[in-house]
Every structure is written in C-alpha cells, then in structure tokens.
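**Student:** Got a predicted structure here, sequence first:
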Amino acid sequence: MLKIGDFSKLSRISIRMLRHYDEIGLMTPRSTDHFTGYRYYSEDQLLKAVRINSLKDMGFSLAAIGELLRNYDDPGELAKFLEIRRVEVLEEMKESGQRLMLLDAAIQRLRKDDMAMNYSVALKTMPQRYVASVRDIIPAYNQEGLLWKRLGEETHDINLQISDPAYSLAVFHDRDFRDGDVDVEIQMSVKGTYENTEHVVFKTVPEVEIASAVYKGSYDQITDVNLAVANWIRDNEYEFNGPMFCIYHVSPAQTQNPEELVTEVCYPVKKI
C-alpha cells in the first residue's frame, strides 16, 4: 500500500487533486485509516491514474473520464468516445484559427497606424434614391452574395442604368444581431423606371439623415466602427432612427484583396 504522498509522486497527480477525485468518486483510496484519516492507495491503482492523466491531456472532462473508465476495456465503446472527442478538437482548432486571424488583423491595423481603432464619424443626409432592391431571409450575414447574384441574374436582360453617384448598399433589417436566418436587403441606385421581376423590386427610397463612418480594410473591423458611431450618436445627443446599412464604395466584386475594401457604415438618426 502507498501513502497518498508517495502515490502522488508516482502518479504525478497532486494530493489536492487526488482528494478531489475521491470526493467525486473518480478514484477512491484503497483504504482509509479511520483514526488518522490517512488515505492509502494500492500499486495497481497507478494504471488507473495513468489512464486519467492521458484522458485529461486529450481534453476530456472529469465527468466524461469517469464514464470512459467504466468502458475502458471495451475497445469499441472507447473508440466511439475518442472519435467524438477528435471531432470536437478539430472544431476547436477551427475556432482557434479564426480567433488567431482576428488577432493578427487587429495587430496589423495597430502597426499601420496608432489611430487605427479611431474612426471619423460624420453627420450627413442620404439623398432620395430610385433603387433596384432584393430583400430576403438568408442563412447568415456572410451569405449576402446570394442576394447580389439574384439581382444580377434577374436584371441581366434589362440593361439597368446605374445612377451617379452609384450607391451600392445592404440594409440589415433585424432589430438585433442574429446567428442565422438574417433579414437583409440590398439596393443599387439606378436611373429610369423598370418593372419588378420575381425578386427584384424597383422603388424610391426617401432621403434620410445618417451618422456614418468610412473605413478601409476587411469587414472584421465592423464592431470597432459600430462602437465609434454609437459613441458619436450618444455624445451629440442623437438617437437611432431606422435599420443600419453599409455602403460598399469598394466591394468584393471589385477587388479580391480585403485590405482594399472601402465600406461606409451608416445609421439613420434623429435629434433627441
């Protein structure tokens, strides 16, 4: 029999953690001295300790490890658990990669310009426009291209005359941020009059007063820009007055380089 201190050294599990394992029933001492309270472990429990350490290193929770240990001698059941964890780790790697990209982009912006996180907000009036519009519920914000594709397909034979200035924008109608099934409308300013198609609606959009900020670069800056506009609206005693929209001055249709994109984030406002 091994005292808890000796077992701790051999198993490379701290005494504190061994006591915790005992409390949750993951690995209990072989015997406990009722007078002193000392815990004693047997040498054959070292194999169980090795298995626990191995499964912890794979990222399994203690609750999952308890279930795994009960099925450890069944290769088929063990393989199922390991495959599930493998899929989880791959998903975690994907999420970590995305976080790393965001961090790299933020670092690059800061290195380019110490004021990179500060955006200039302006109050302006968006003039009345006649537009070709497509509005639909799409799977996610990054699927906006589906709407632009639909606009192009249904107006291909109409010979649309683009107005000057050519406002190309997307309106986000949901009142809150959503992870999926988002209500988005795209608009292209045009000259002349046209008949509606199956999905394209031609309409006049009234003028609107907006607080807006223009930024250059990838769309991962959008939260920073939103913060700058929201602070300006608060500080200048305005309030939101309609759905937010983005004007694409240089869009993915014009460049494949995210650093060359130019976007204007616009929020309709009114004086409090």
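**Tutor:** Yep, that arrived.
**Student:** contacts and neighbour counts: CA atoms only from here.
**Tutor:** OK.
**Student:** what's the spacing between the lowest-mean-pLDDT helix or strand in the chain and its chain's center?
**Tutor:** Lowest on mean pLDDT, DSSP states H and E among the helices and strands of the chain sits helix 75-112, with a mean of 83. Here helix 75-112 is found 13 Å from its chain centre; the criterion is Cα atoms, centre = their mean, to the nearest Å.
**Student:** and if you look at stretch 25-34?
**Tutor:** With Cα atoms, centre = their mean as the basis, the mean position of stretch 25-34 lies at 45 Å from the chain mean.
**Student:** try stretch 152-166
**Tutor:** 34 Å.
**Student:** how many other residues sit next to Lys3?
**Tutor:** By the measure other Cα atoms under 10 Å, the count of residues near Lys3 is 13.
**Student:** One more: Ala213?
**Tutor:** Counted by other Cα under 10 Å, the residues lying close to Ala213 total 20.
**Student:** now Thr197
**Tutor:** Thr197 - counted by other Cα under 10 Å - has 12 other residues nearby.
**Student:** Are we agreed that it is in a strand?
**Tutor:** No: per DSSP: H, G, I helix; E, B strand; the rest coil, Thr197 lies outside any strand segment and is coil.
**Student:** residues in contact with Cys266?
**Tutor:** Listed by Cα atoms under 8 Å, 6 or more residues apart in numbering, the contact set of Cys266 reads Ile210, Ala211, Ser212, Ala213, Met244, Phe245, Cys246, Ile247.
**Student:** Swap in 6 Å and give it another go.
**Tutor:** Going by Cα atoms under 6 Å, 6 or more residues apart in numbering, Cys266 touches Ala211, Ser212, Met244, Phe245, Cys246.
**Student:** Tyr238 too?
**Tutor:** Lys270, Lys271, Ile272.
**Student:** What residues are bridge-paired with it?
**Tutor:** Beta bridges link Tyr238 to Lys271, judged by DSSP bridges.
**Student:** How is the most far-flung residue of the chain relative to its centre assigned, secondary-structure-wise?
**Tutor:** Centroid-distance maximum for the chain: Phe35 at 56.3 Å, with Cα atoms, centre = their mean. Taking three-state DSSP as the rule, one finds Phe35 in the coil state.
**Student:** Give me the distance between it and Leu18.
**Tutor:** Taking Cα to Cα, to the nearest Å as the measure, Phe35 falls 20 Å from Leu18.
**Student:** distance of Ile247 from Leu146?
**Tutor:** 17 Å.
**Student:** re the thing from before, export the contacts of Tyr238 as CSV, with columns for neighbour count, pLDDT and distance to Leu90.
**Tutor:** What follows is those, written out as CSV (neighbours: other Cα atoms under 10 Å; pLDDT from 0 to 100; distance: Cα to Cα, whole Å):
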residue, neighbour count, pLDDT, distance to Leu90
Lys270, 16, 93, 47
Lys271, 11, 89, 50
Ile272, 9, 87, 50
